[in-house]
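Student: Here is a sequence with its predicted model. Questions after.
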Amino acid sequence: MTEARPLTSDEDGAAPAVAIAGPTVDLPSLWRLALNSDFVRKIVETYATRVLLIALGLVTTVIVTRLLGPAGRGLYAVATATGALGVQFGNMGMHTANVYFAARDPESLAPLVGNSLAMSFGFGGAVSALLAMVFLFFPNLISLRGIVLLLVMIWVPLGLAYLLMQNLMLGVHDVRGYNLLEGANRVLPLIFILGLVLLRSVSVASCFGAGVAALAVVCAWTWRRLRARFTSTLTLSFALFRDSIHYAVKAYLAALFAFLVLRADLFMVQHMLGVEQAGYYSVASSMADYVSVAAVVIGTILFPRLSAMKDVEAKLRLTRKTAWVTAGVLLPVLVISSLVARPAVHFLFGAAFLPAALAFVLLMPGMLFLGINSVVVQFLNSIGYPKTVVVVWGLCCVFNIGIDLWVIPRYGIAGASVVSSVSYFLAFFFILKLIRRIALSTRSEALP
């Protein structure tokens, strides 16, 4: 009977691996390896933080909703969504580029921070001003006025600065700092809002202002933590900015197409079937997001690790092992979630939302492939983000929307779920084909 070979380490600081020569696996050794692995520890810490953040977000939502009432909650939600939209539009994919370049060359941290701050308060400030002018000249478009609109304008550059600097922390492998700051960004607004309750100064502006104040504090903390890692003085680098933009635009377009694949069906359900069916489908898709959080966390921690590695073969080995682990983690979670979907929906949302259960179950196969894809695609991100990734997500987006136009009117939200699952599988299949092609090309070039 063959036995596991000795534990080894991958090249360039990769997480340790176990090379298996036969069917017998030394499970105690694997377990000790996992407990001692810095890579695994960071994944577990980040996953625990993400679960805590979800819980804190739910608590904050409940408190704000009860304090402000329906109308106030609606205005608060519009202000929050507008600020988030400004950050989403203004980042231009630079947050992904920051991880990539900081991981490849930690000594470039100071100019990366300089470029990030310049973009945040320069371009981000311009985005804020543009949003303000649109709302002032078209007052019927959205109901943001006065102090709330001013706070949204402040939120956008601050939110952009936090996003860009936070991802630089991932790039220099300060995952614990990343998690601490994420936690602070959720806890501080809650503390400030409770302070407003004690002061009896609760309003939409004050509650939203509590979030802006918390964001400013966290931004300052992020800057201080990054500055401690500088090997040079804070500066701007136009050459680095040019390289970052070249990478970021591809990441931005791929993220945009991926977002449309993930969310376009909800808008199409609302348009074709009405708000009630959209409500069911939103519950199903939100629950699907929650059960796949582990894969997102693994991909987030894997990306800077791969970007710091120089050897492509070592990257491939680590990606393959991590993908198998991700599948092993996700599969039982998705199966169990499918089995308890109906009672879970009934318990959490009430009997009125039971139609969401079937849509949720039909999304589960797709979430398995989407979760694994969010891990394996980090290999491509770590070698410079090939343009083909953008093409893959663009084609999947066209497929998803085109088929939904025919399926949703005939099969409702169940049909939308099936189309989404198929789209996620197609993205996974083509990304895997692309990785295989690059791997074969790399190995053929290495041959004498």
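Tutor: On my side now, so go ahead.

Student: What pLDDT is listed against the residue positioned nearest the centre of the chain?
Tutor: Centroid check for the chain by C-alpha atoms, centre = their mean gives residue 296 as the closest residue, at 6.5 Å. We note a pLDDT of 87 for residue 296 in this prediction.

Student: Could you do residue 26 as well?
Tutor: 50.

Student: before we move on, back to that, am I right that the residue nearest to the centre of the chain is in a strand?
Tutor: No: Residue 296: not assigned to a strand; according to DSSP: H, G, I helix; E, B strand; the rest coil it is helix.

Student: Who's the closest spatial neighbour of it, skipping the chain neighbours?
Tutor: With C-beta to C-beta, 6 or more residues apart in numbering as the criterion, residue 296 has its nearest non-adjacent residue at 5.9 Å, and that residue is residue 374. Where C-beta positions appear, they are placed from N, C-alpha and C, glycine not excepted.

Student: ok, now residue 265?
Tutor: According to C-beta to C-beta, 6+ apart, the nearest residue to residue 265 is residue 416 (4.5 Å).

Student: Check which helices and strands whichever strand or helix holds that neighbour sits against.
Tutor: Assigned by DSSP states H and E, residue 416 falls within helix 387-446. When contacts are defined as 3 or more C-beta pairs under 8 Å, 6 or more residues apart in numbering; DSSP states H and E, helix 387-446 sits against helix 238-273, helix 275-291, helix 312-339, helix 355-382.

Student: could you dump the shortest one to PDB, C-alpha only?
Tutor: Written as PDB, here are the backbone C-alpha positions of helix 275-291 (Å, rounded to 0.1, in the frame of the first residue of the first chain):
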ATOM      1  CA  VAL A 275     -42.300  43.400  -8.400                       C
ATOM      2  CA  GLU A 276     -43.800  40.400  -6.500                       C
ATOM      3  CA  GLN A 277     -41.800  37.900  -8.500                       C
ATOM      4  CA  ALA A 278     -38.800  40.100  -8.300                       C
ATOM      5  CA  GLY A 279     -39.100  40.000  -4.500                       C
ATOM      6  CA  TYR A 280     -39.100  36.200  -4.600                       C
ATOM      7  CA  TYR A 281     -36.100  36.100  -6.900                       C
ATOM      8  CA  SER A 282     -34.200  38.700  -4.900                       C
ATOM      9  CA  VAL A 283     -34.500  36.500  -1.800                       C
ATOM     10  CA  ALA A 284     -33.300  33.400  -3.700                       C
ATOM     11  CA  SER A 285     -30.300  35.200  -5.100                       C
ATOM     12  CA  SER A 286     -29.400  36.900  -1.800                       C
ATOM     13  CA  MET A 287     -29.500  33.500   0.000                       C
ATOM     14  CA  ALA A 288     -27.300  32.000  -2.800                       C
ATOM     15  CA  ASP A 289     -24.800  34.800  -2.300                       C
ATOM     16  CA  TYR A 290     -24.600  34.000   1.400                       C
ATOM     17  CA  VAL A 291     -23.900  30.300   1.000                       C
END
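
Student: And that helix, how far out from the chain middle?
Tutor: Relative to its chain's centre, helix 275-291 lies at 18 Å (C-alpha atoms, centre = their mean, to the nearest Å).

Student: Could you list every helix and strand in contact with that helix?
Tutor: Counting contacts by 3+ C-beta pairs under 8 Å, 6+ apart, helix 275-291 packs against helix 238-273, helix 312-339, helix 341-349, helix 355-382, helix 387-446.

Student: Residues contacting it, please?
Tutor: Defining contact as C-beta atoms under 8 Å, 6 or more residues apart in numbering, one finds that helix 275-291 is touched by 54, 262-263, 265-266, 269-270, 333-334, 337, 341, 344-345, 349, 353, 355-357, 359-360, 363-364, 367, 412-413, 416-417.

Student: Low-confidence stretches in the stretch 201-350 of the chain?
Tutor: Where the stretch 201-350 of the chain drops to pLDDT under 70, the residues are 275.

Student: circling back: buried deepest among the helices and strands packed on helix 275-291, which one?
Tutor: Per-stretch averages of neighbours, counted by mean count of other C-beta atoms under 10 Å, single out helix 355-382 among those, with a mean of 23.
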